[in-house]
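J.: can you look at this prediction? I've put the sequence above it.
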Amino acid sequence: MAQRSGSANLPLHGGRVPPWLAQRMTRLGAVMSQAIVHHYGRDELLRRLAHPFWFQSFGAVMGMDWHSSGITTSVLGALKRGLAPLSRELGLHVCGGRGRHSRLTPGELLAIGERIGLDGAGLARSSRLVAKVDSAAVQDGYDLYLHGFIVADDGKWVVVQQGMNGEARQARRYHWLSEGMTSFVDRPHAAIEGRGGGIVVDLTHEHAGPSRLGQLDLLHALGPDGITRELARLEGKDASPAPVSDQLALPHLDMPGHHDVRPADVNLRRLHGNLAAAADRGPEDFAELLLVPGVGARTVKALALVAEVVHGAPHRFADPARFSLAHGGKDRHPFPVPIKVYDETIRVLKSAVRRARLGNDEELGAIQRLDDQARKLERHARGPDVETVIAEERRASPHYGGRSVFGVEPMTCDSADEG
């Protein structure tokens, strides 16, 4: 049975992803998904999407605000756009979205079911039940506003949905995975992200079984009007607080409210491993093997972090901020998005995936070796501190076509020297 894997606090952010970044997120998300499916299979991609730490790191490496709730909307949107043309190749379909798009999910699932021979009505029912459980059975102060349903051709699926607490300016993300799930109402979540906001009424908890049965008995005995009278009679009386779900006792990723990336947000040992691997394997693998024109040392650094998102084990994603050092962030934190590097990353990955589909795994294997080497080197590697890495990136940003929601980075004397 699927188990909750943790929780996290996500600052609630508004705004939109600019088109220049959304288009690149679409391409990078699609090609990274292709690489994961090629190496590990479709089921593994679904499992990763159900892992809240990996999901946040996935969004961070794509240039979104590394700590915010906006990653959920932007990643699901990028996957919906990017995987649609690949649905026959990968056997994956992304439905739903934010607001009105979430309400279209059942209809989308019915259409997919009819097209590929799945029980669309059953999938639509699953979608409604998932939304109902997280909005009614888990009463944690967060109102759902986003629902994404990713289904495979064999009927397996993952759901990522998110609620907001406007007063607290917080968001909570819920992850569901069909694999191994036997009940919608008995501890079904793969993970719940978010920090507790007072008493949580969680009727999906294993100890809530008697409560669920008792509610049905009460409904049969008293009827709706009788329950209303009993509720009115009890109002105002002191009652013992309901037990808090054990989801809040699990390890959680507490995403901070500050926009800037600070040393405490990054596992420096692993970052040094990434940088050392890029320096060590880059010249051998990318200059001599890949032979992709225009690939420089900075792109290899980005690819080392992308490689970890593709190949890394779950425990390596406790510091999503580290992955924002691949392609920066749209809000200029930790630095503006280096457009030239981003485009080179996509080009290298697309070339590697295209060759792998034709039976030549050398390029994709070179990217995997970056991740292997990073893990070998991180125990002994030394390098600059986080502040120095960010300062150097900001200084070189105009040379790499740095861009943010505030505009294109202007060339200065220091940045001209970088060229």
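T.: Good, I have the coordinates.

J.: which parts of the chain are strands?
T.: 7-11, 92-98, 138-139, 143-152, 157-165, 170-177, 189-192, 201-202, 252-254, 337-338, 402-404, 407-408 (DSSP state E).

J.: and residue 30, which of those strands is closest to it?
T.: Closest approach to residue 30 among the strands of the chain (CB to CB): strand 92-98, 10.4 Å. Just so you know, the C-beta spots here come from the backbone N, C-alpha and C atoms, and that holds for glycine as well.

J.: rank the strands of the chain by pLDDT, which is bottom?
T.: In terms of average pLDDT, strand 201-202 trails the rest of the strands of the chain, at a mean of 41.

J.: hang on, the earlier thing: now the strands of the chain as a markdown table including distance to residue 268 and mean neighbour count?
T.: Shown next, in a markdown table, are the strands of the chain (distance: least, CB to CB, whole Å; neighbours: other CB atoms under 10 Å):
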| stretch | distance to residue 268 | mean neighbour count |
| --- | --- | --- |
| strand 7-11 | 21 | 22 |
| strand 92-98 | 35 | 22 |
| strand 138-139 | 37 | 18 |
| strand 143-152 | 33 | 22 |
| strand 157-165 | 30 | 24 |
| strand 170-177 | 27 | 25 |
| strand 189-192 | 26 | 26 |
| strand 201-202 | 37 | 20 |
| strand 252-254 | 18 | 17 |
| strand 337-338 | 21 | 27 |
| strand 402-404 | 24 | 23 |
| strand 407-408 | 31 | 12 |
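
J.: any idea which residue sits dead centre in the protein?
T.: residue 55 (2.1 Å; CA atoms, centre = their mean).

J.: let me have the strands of the chain in JSON lines, adding distance to residue 72 as columns.
T.: Below are the strands of the chain laid out as JSON lines (distance: least, CB to CB, whole Å):
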{"stretch": "strand 7-11", "distance to residue 72": "8"}
{"stretch": "strand 92-98", "distance to residue 72": "9"}
{"stretch": "strand 138-139", "distance to residue 72": "17"}
{"stretch": "strand 143-152", "distance to residue 72": "6"}
{"stretch": "strand 157-165", "distance to residue 72": "5"}
{"stretch": "strand 170-177", "distance to residue 72": "5"}
{"stretch": "strand 189-192", "distance to residue 72": "13"}
{"stretch": "strand 201-202", "distance to residue 72": "21"}
{"stretch": "strand 252-254", "distance to residue 72": "14"}
{"stretch": "strand 337-338", "distance to residue 72": "19"}
{"stretch": "strand 402-404", "distance to residue 72": "21"}
{"stretch": "strand 407-408", "distance to residue 72": "26"}
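
J.: how about stretch 372-386: buried residues?
T.: The neighbour-count check on stretch 372-386 (16 or more other CB atoms under 10 Å) flags 373-375, 377-378, 381, 386 as buried.

J.: distance from that stretch to the middle of the chain?
T.: 25 Å (CA atoms, centre = their mean, to the nearest Å).

J.: same thing with stretch 153-164?
T.: 12 Å.

J.: and for stretch 308-326?
T.: Counting by CA atoms, centre = their mean, stretch 308-326 comes out at 11 Å from the chain centroid.

J.: what's the span of that stretch, first residue to last?
T.: With CA to CA, to the nearest Å as the measure, stretch 308-326 spans 11 Å from end to end.

J.: show me what the mean pLDDT comes to for it.
T.: Mean pLDDT, stretch 308-326: 93.

J.: please identify the buried residues of that stretch?
T.: 308-312, 316-317, 319-326.

J.: on that earlier part again, nearest spatial neighbour of the residue nearest to the centre of the chain, chain-adjacent residues omitted?
T.: residue 49 (6.2 Å; CB to CB, 6 or more residues apart in numbering).

J.: and the gap between the one you found and residue 275?
T.: Distance, residue 49 to residue 275, by CB to CB, to the nearest Å: 28 Å.

J.: looking at the two, which is more packed in?
T.: residue 49 (27 against 23; other CB atoms under 10 Å).

J.: quick one: contacts of stretch 337-349?
T.: Stretch 337-349 has contacts (CB atoms under 8 Å, 6 or more residues apart in numbering) with 20-21, 24, 27-28, 31-32, 35, 63, 286, 290, 292, 294-296, 298-299, 302-303, 306, 326-330, 363, 367, 393, 397, 400-404.

J.: pull out the buried residues from that stretch.
T.: By neighbour count on 16+ other CB under 10 Å, the buried set for stretch 337-349 is 337-339, 341-349.

J.: can you tell me which of those is closest to residue 129?
T.: Of all the buried residues of stretch 337-349, residue 129 sits closest to residue 349, with 36.6 Å by CB to CB.

J.: look up how far residue 364 lies from that closest one.
T.: Counting by CB to CB, the gap from residue 349 to residue 364 is 9 Å.

J.: ok, residue 352 next?
T.: From residue 352 to residue 364 the distance is 4 Å (CB to CB).

J.: next one: residue 148
T.: 27 Å.

J.: returning to what we had before: what's the overlap in contacts for residue 349 and residue 364?
T.: residue 35.

J.: quick one: average pLDDT of stretch 23-39?
T.: Mean pLDDT, computed over stretch 23-39, is 98.

J.: swap that for stretch 370-379, please
T.: Averaging pLDDT along stretch 370-379 gives 93.

J.: pull the CA atoms of that stretch into CSV?
T.: Taking Å, rounded to 0.1, in the frame of the first residue of the first chain, the C-alpha atoms of stretch 370-379 are listed here in CSV:
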residue,chain,number,x,y,z
LEU,A,370,28.6,12.7,-14.8
ASP,A,371,26.2,11.6,-12.0
ASP,A,372,28.3,8.5,-11.2
GLN,A,373,31.5,10.6,-11.0
ALA,A,374,29.8,13.2,-8.8
ARG,A,375,29.0,10.6,-6.1
LYS,A,376,32.5,9.2,-6.2
LEU,A,377,34.1,12.7,-5.9
GLU,A,378,31.8,14.3,-3.4
ARG,A,379,33.6,12.7,-0.3
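
J.: give me the residues contacting it.
T.: Contacts of stretch 370-379 (CB under 8 Å, 6+ apart): 269-270, 272-274, 276-278, 280-281, 285, 300, 303-304, 307-308, 310-312.

J.: 10 Å - rerun?
T.: Outside stretch 370-379, the residues that touch it by CB atoms under 10 Å, 6 or more residues apart in numbering are 267-282, 284-286, 300-301, 303-313, 316, 365, 381.

J.: hmm, which of the residues you listed are the buried ones?
T.: Of those, these count as buried by 16+ other CB under 10 Å: 267-268, 270-282, 285-286, 300-301, 303-312, 316, 381.
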